[in-house]
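Q: Coordinates only, no sequence provided:
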């Protein structure tokens, strides 16, 4: 498989590694690591506060093909939506709400009824923070199942301090009363532009583009942990003094990533990825990729927070500058979006008027490319296993195409998502897709609004039913079912035994795993057994094809009489008695 300018881990001089792995036009060897690099997190500004849930949650809309999410802002623009979903199927959406020229807030809305209604939970306003400007920009949100928290982040570009703003929102957002709101800024930064986030286990990872130490639009990265018991937010070396400090910027000694824009992040099983658009002086706009490990075992050789061990004594896995895998994925390319699942990763982007896809099936060690569609723009991508879903804007409409082989080929049978033609806005960050659904900017009401539509394959596959075709009366018999959920959610099964008994849902099983249940019939006859599946969000499959079951009549069993026993064990006496009694 072709390697696309990919850096492998190696204990060699970085300039030599660059010369061997990257084409000469992309080699960056003349930028020295700045002597002003601070190996401790250069922070003087941080604040923690509590964001209150809105006193009167308001239902936003009722279920339709396209659901208007931003109904509370009819005359101004709503921008850059992001969507996620928790384990119980609660859909959560965040976006920019432009109130006026001096105020942009970030609402967070949710639906716990599969999109039948959306309710305002929080509205973050940086004016509530010390030195906040009232302008929040570029929200991102992801759900961490391990901690049962939604992680949220945005940037206040005009604040005097606390420019990077984050929040920990309880997973049961419908009953949450407040959220932990965290503001932080580097003492050396002079400007903030945009950001993204991901997480590894309980660690929140914030990715910010800022102006720092002579670098314009330089990528920065911080690792944060919220200690619920002490209600404090900690860096790695505040959890254990021997760990890495956990706040970094890119000095560009390995890969030239400045000026950066359109940052995105995602975490898979063994790797954490970040992508961004970089304006390279030689190559023009390129897609920059960096990746590192996700191992949180302090005894491991690849512990994420290993202190030192990298070039110049830098933290070899945590420091964004020397992450082990990095390079340019595509030249003359813009607006990347990334998702990953298990060992697979996909990056979609725009290149010369087309939507392209870079894909990897080996944890990002090697990458190939494919074309999703021509004459389209502003894609977003979501992935489960080896199935990738890409949405994009074309001729004012939003389309969905699917790849079943990890991004190598696309079906080329796009489905239009919006139900009113020509109203989808083509702009940076205009759409997003996860298993919670699809969101986008729409201009059908003159101002830009945020709309939602369900994911097209929400329900689990129709289960495959297996079991015997003949059973005995009053004998407990096991039947099995197997179904796969397109979002990889756990599934339950409901067996209908065909005898009038009330069907019940089984316990949950992993998507694709075989589930089972047992039943006992107390009467003879022919019955039709069938089964259906349901995921954690309540989406149900179709019933399986019925399996005919025969329960035959049991043979009558009689107790032997005295004469029967006599005939069997004492036949001569039996004959004498029979002769006497006739």
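A: Received, thanks. Not measured: the values here are computed from a predicted model.
Q: unless I'm mixing things up, residue 406 is touching residue 346, no?
A: Yes: in terms of Cβ atoms under 8 Å, residue 406 counts as a neighbour of residue 346; the distance is 7.0 Å. The C-beta positions use only the backbone N, C-alpha and C, and glycine is treated the same way.
Q: Helix, strand, or coil at residue 564?
A: Using DSSP: H, G, I helix; E, B strand; the rest coil, the structure places residue 564 in helix.
Q: ok, now residue 193?
A: strand.
Q: Now do the contacts for it.
A: Contact partners of residue 193, counting by Cβ atoms under 8 Å, 6 or more residues apart in numbering, are 155, 157, 209, 210, 211, 217, 261.
Q: Inside helices: which ones of the residues you listed?
A: Of the positions in those, not one sits in helices, assigned by DSSP state H.
Q: circling back: give the residues shared as contacts by residue 406 and residue 346.
A: In contact with both residue 406 and residue 346: 359, 383, 388, using Cβ under 8 Å, 6+ apart.
Q: Would you map the strands across the stretch 401-550 of the chain?
A: 415-416, 431-434, 437-445, 447-453, 464-466, 477-482, 491-496, 514-519, 525-535, 547-551 (DSSP state E, counting those that start in this stretch).
Q: Residue 245: which of the ones you listed is closest?
A: strand 431-434 (32.0 Å; Cβ to Cβ).
Q: helices or strands next to that closest one in the packing?
A: strand 78-85, strand 377-384, strand 387-394, strand 437-445 (3 or more Cβ pairs under 8 Å, 6 or more residues apart in numbering; DSSP states H and E).
Q: strands paired with the second one, and their directions?
A: The partner list of strand 377-384 in its sheet, established with DSSP bridges, is strand 387-394 (antiparallel).
Q: Looking at residue 187 now. What's its pLDDT?
A: If you check residue 187, the pLDDT there is 83.
Q: Could you do residue 366 as well?
A: 96.
Q: which element is it on?
A: Here residue 366 sits in a region with no helix or strand, counting by DSSP states H and E.
Q: so which of the contacts of residue 193 comes closest to residue 519?
A: residue 155 (57.4 Å).
Q: For that closest one, the count of nearby residues, please.
A: When neighbours are counted by other Cβ atoms under 10 Å, residue 155 registers 25.
Q: can you check the one 4 residues further on too?
A: For residue 159, the count of nearby residues is 24 (other Cβ under 10 Å).
Q: Report pLDDT for it.
A: Residue 159 is assigned a pLDDT of 92 by the prediction.
Q: doesn't it fall inside a strand?
A: No: if the criterion is three-state DSSP, then residue 159 is coil and not within a strand.
Q: from what I can see it touches residue 126, true?
A: Yes: between residue 159 and residue 126 there is a contact under Cβ under 8 Å: 6.2 Å.
Q: which neighbours do these two share?
A: 132, 133.
Q: Just the mean pLDDT for stretch 546-565, thanks.
A: 76.
Q: Neighbouring strands - and their directions - for the helix or strand in which residue 274 is found?
A: Assigned by DSSP H and E, residue 274 belongs to strand 271-280. Under the criterion DSSP bridges, strand 271-280 sits next to strand 260-267 (antiparallel), strand 284-293 (antiparallel) in its sheet.
Q: Enumerate every residue touching residue 395.
A: residue 422.
Q: okay, it: pLDDT?
A: 97.
Q: Can you give me the distance of it to residue 375?
A: Distance of residue 395 to residue 375, computed by Cβ to Cβ, to the nearest Å: 8 Å.
Q: my read: residue 279 touches residue 285, true?
A: Yes: judged on Cβ under 8 Å, residue 279 makes contact with residue 285 at a distance of 5.8 Å.
Q: Contacts for stretch 298-312 next, please.
A: 14, 33, 200, 203, 223, 236-237, 240, 242-244, 246, 253-254, 292-297, 314-319, 322.
Q: Look up how far residue 480 lies from residue 305.
A: From residue 305 to residue 480 the distance is 44 Å (Cβ to Cβ).
Q: In terms of neighbours, single out the busier of the two.
A: residue 305 (23 against 16).
Q: Now the more buried one. Its backbone dihedrals?
A: Backbone geometry at residue 305, expressed as degrees, to the nearest 10, gives phi -100, psi 30.
Q: Mind listing what's buried along stretch 207-221?
A: 207-213, 215, 217-221 (16 or more other Cβ atoms under 10 Å).
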